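Enquirer: mind folding the following:
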Amino acid sequence: MSKPRSLVLPPRARARRLETARGWFAVLDVEPVGGRRGTVLLLPGYTGSKEDFLALLGPLSEAGYRAVAVDGRGQNDTPGPRGRAGYRRKALALDAVAQAAALGDGPVHLVGHSFGGLVARAAAALAPGAFRSLTLLSSGPARVARPQRIRVRVLRAGLAVLSKERVWQAMCWLDSRDEEPDTGDTPELTAFLRRRWMRTRIAQLAGAGRLLLDRQDGTEQLAALPLPLHFAYGSDEMVWSPADLSAAAARTGAHHTVVAGAGHSPNVSHPRELTDRLVGFWERVDAPAGVSTAP
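Expert: Residues are numbered from 1 along each chain as shown. As a prediction, the model looks like this:
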């Protein structure tokens, strides 16, 4: 899960509902400074939300991009069904396609963080014409690393027999055992994190967890996508193996970014450096044929 360091909206950003052909979704929508160079749709990860991209929205806006971060169905501020079928891969992919269409800006650059990357790549395979490019941020086609598989299994098992409040308390305790307790969290942020957890549907958490545990390697499917592909992750990534991510980038011929010193959430820890690397990729994508851009 990403944990925002601040809940303050950047300039030119607003929280609103995005009405789509598949219902409405809660989004953070930021307008660009000056002329618009493109539009970016940002999909958050497991147990996360649109707020995971708060630190990234300002730099993207300053770089000339409209950026829209979304809560998926059943996630945080977006309603969702209680049943398991509503959180299958195709249903979530169709949501992302509908979100892109509802923005009204033509093909958009799609960025999926962690679990959001699984949704993003399924959406790109389903409707490649809806997207200008695909960036998998801290997300890979192979299985997540073993410690994270164990964590997801424990979380799903806990949700099946315990209240969400008890599972939340257990997660906080486990986090405190992994590293030194984070005493820098403000009461506002602590309250937000608990609220986000309590508002997210159990079916969404169970369904997303099931997809994260999928054993299928999607590298060949990614290589076959007819749109530009980008792998971006931190040098200290721990949910997916950095070696596996590097190998997938090489096998697919994807653009490849490693953010030095970042962990699983460069969108939180290194937003300006990540923005520079994203913009560099998009400039190459949007450059007229025969015109080269700086590496």
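Enquirer: below-threshold pLDDT in the stretch 151-295 of the chain: ranges please.
Expert: Scanning the stretch 151-295 of the chain for pLDDT under 70 picks out 176-184, 289-295.
Enquirer: now the strands for the stretch 51-200 of the chain?
Expert: Secondary structure of the stretch 51-200 of the chain, counting by DSSP state E, counting those that start in this stretch: strands at 65-70, 108-113, 131-137.
Enquirer: mind listing residues that contact the first one?
Expert: Contact with strand 65-70 is made by 18, 25-32, 36-44, 50-54, 56-57, 60-61, 78, 99, 103, 105, 109, 279, 282, as judged by C-beta atoms under 8 Å, 6 or more residues apart in numbering. Heads up, the C-betas are built off the backbone N, CA and C, glycines and all.
Enquirer: would you give the sheet partners of that strand, along with the direction of each?
Expert: strand 23-30 (antiparallel), strand 38-43 (parallel) (DSSP bridges).
Enquirer: which of those strands sits most buried?
Expert: Greatest average neighbour count among those goes to strand 38-43 (a mean of 26), per mean count of other C-beta atoms under 10 Å.
Enquirer: what angle do that one and strand 108-113 make?
Expert: Interaxial angle, strand 38-43 versus strand 108-113 (axes from the mean of the first three to the mean of the last three C-alpha atoms, to 10 degrees): 30 degrees.
Enquirer: quick check: mean pLDDT of strand 38-43?
Expert: In this model, strand 38-43 has an average pLDDT of 98.
Enquirer: then stretch 114-126?
Expert: If you average the pLDDT over stretch 114-126, you get 97.
Enquirer: and that stretch, what's buried?
Expert: 114, 115, 116, 117, 118, 119, 120, 121, 122, 123, 124, 125 (16 or more other C-beta atoms under 10 Å).
Enquirer: same thing with stretch 89-105?
Expert: For stretch 89-105, burial by neighbour count (16+ other C-beta under 10 Å) applies to 89, 91-103, 105.
Enquirer: looking at these, which are in helices?
Expert: Among those, the ones falling in helices (DSSP state H) are 89, 91-103.
Enquirer: follow-up on the earlier one: so which of the buried residues of stretch 89-105 comes closest to residue 169?
Expert: residue 92 (28.3 Å; C-beta to C-beta).
Enquirer: distance-wise, check that closest one relative to residue 76.
Expert: From residue 92 over to residue 76 the distance is 15 Å, taken as C-beta to C-beta, to the nearest Å.
Enquirer: got it, and residue 259?
Expert: Using C-beta to C-beta, one gets 25 Å for the distance from residue 259 to residue 76.
Enquirer: and residue 162, by the same measure?
Expert: Applying C-beta to C-beta, the value for residue 162 to residue 76 is 21 Å.
Enquirer: which one's more surrounded, those two?
Expert: Higher neighbour count among residue 162 and residue 76: residue 76, with 24 against 13, using other C-beta atoms under 10 Å.
Enquirer: contacting residues for the residue lying closest to the more buried one once chain neighbours are set aside?
Expert: Closest residue in space to residue 76, ignoring its immediate chain neighbours: residue 49 at 3.9 Å, by C-beta to C-beta, 6 or more residues apart in numbering. For residue 49, the contact set (C-beta under 8 Å, 6+ apart) comprises 71, 75, 76, 77, 196, 200.
Enquirer: quick one, helices of this structure?
Expert: 54-62, 89-103, 115-126, 146-161, 164-178, 187-199, 202-212, 219-223, 242-252, 266-269, 271-286.
Enquirer: could you dump these into CSV with distance to residue 236 added?
Expert: Below are the helices of the chain laid out as CSV (distance: least, C-beta to C-beta, whole Å):
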stretch, distance to residue 236
helix 54-62, 18
helix 89-103, 28
helix 115-126, 18
helix 146-161, 14
helix 164-178, 14
helix 187-199, 22
helix 202-212, 20
helix 219-223, 23
helix 242-252, 8
helix 266-269, 10
helix 271-286, 14
